[in-house]
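> My questions are about this predicted structure, shown below with the sequence.
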Amino acid sequence: MDFPLNLNGNKTSNKYSKPHSLDLIDLRIISMLCNDSNTPFVEIARNIGISDATVHIRVKRLMVEGIIRKFTIVLNYDVIGYDHLAFLGINTKPGFTDIVISKLSLLDPVLEIHEMYGRFDLMLKIRAKNLEDMRNIIENKIRNLPHIVKVELLTVLKSVKEEQIIPLDAEIDALQKNIV
């Protein structure tokens with residue numbers, strides 16, 4: 001496992017450093033990067049009114065603290081041929097949930113794993129190219145794992161909204177009102 005670098009450029013342990021409270025500058029940097037993680041630090045600095053070195057230091061600190069976990073892209077899965085989205089409810093044998101989670105985490109088609117309380121022990125989000133691919137993933141990769149008792153497929157017919165980011169505009173506005 002690769003760990004983030006600390007502020008001195010050294011690898012940290014598997015524990016993130018204790019995060020500090022986020023200030024207005026942190027929130028504005030995060031907000032801009034959430035809109036487009038490819039935004040140059042110079043542009044962020046110009047927009048906020050700080051130096052690009054300050055942006056760089058703050059982003060590095062936010063990464064060390066585990067607030068920013070990684071920079072990524074958002075794909076249009078329909079265009080690249082992964083247009084079958086489903087959720088999979090899974091029940092495990094009592095006491096084996098963590099083992100099942102570790103095995104499921106290794107499967108590329110499994111995009112998300114959530115431990116639940118209620119009807120299912122786990123809820124997975126999976127993507128596939130077509131129904132045959134979806135069936136193969138479920139039958140040959142997931143259902144065959146030890147300690148799985150029940151699997152229920154919930155097929156998505158249409159996605160209306162699929163976001164990974166919570167807008168920080170309200171927090172930014174509240175901090176700005178306190179500063180002014």
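That came through, no problem. Residues are numbered from 1 along each chain as shown.

> tell me the strands in the chain, going along the chain?
84-92, 110-115, 122-128, 148-155 (DSSP state E).

> do you know which of those strands lies nearest residue 48?
Between residue 48 and those, the shortest separation by CB to CB is 32.0 Å, and it involves strand 110-115. C-beta here means a position set from N, CA and C on the backbone, and glycine is covered the same way.

> which one is the most centrally placed residue in the chain nearest to, not counting chain neighbours?
Centroid check for the chain by CA atoms, centre = their mean gives residue 164 as the closest residue, at 6.6 Å. Once flanking residues are discounted, residue 164 sits nearest to residue 74: 7.4 Å by CB to CB, 6 or more residues apart in numbering.

> now for the strands of the chain, which one comes closest to residue 169?
Across the strands of the chain, closest to residue 169 is strand 110-115 (CB to CB), at 25.0 Å.

> which neighbours does the closest one have in its sheet, and in what orientation?
If you go by DSSP bridges, strand 110-115 pairs up with strand 122-128 (antiparallel).

> pLDDT (mean, whole number) over the partner strand?
Strand 122-128 shows an average pLDDT of 97 in the prediction.

> Need the residues that contact the lowest-mean-pLDDT helix or strand in the chain.
Using mean pLDDT, DSSP states H and E, helix 169-179 stands out as the lowest-scoring helix or strand of the chain, at a mean of 83. By CB atoms under 8 Å, 6 or more residues apart in numbering, the residues outside helix 169-179 that reach it are 22, 23, 24, 27, 28, 31.

> same thing but at 6 Å, please
Outside helix 169-179, the residues that touch it by CB atoms under 6 Å, 6 or more residues apart in numbering are 24, 27.

> could the strands of the chain be laid out in JSON lines, adding mean neighbour count and distance to residue 78?
Shown next, in JSON lines, are the strands of the chain (neighbours: other CB atoms under 10 Å; distance: least, CB to CB, whole Å):
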{"stretch": "strand 84-92", "mean neighbour count": "19", "distance to residue 78": "10"}
{"stretch": "strand 110-115", "mean neighbour count": "14", "distance to residue 78": "15"}
{"stretch": "strand 122-128", "mean neighbour count": "20", "distance to residue 78": "10"}
{"stretch": "strand 148-155", "mean neighbour count": "14", "distance to residue 78": "15"}
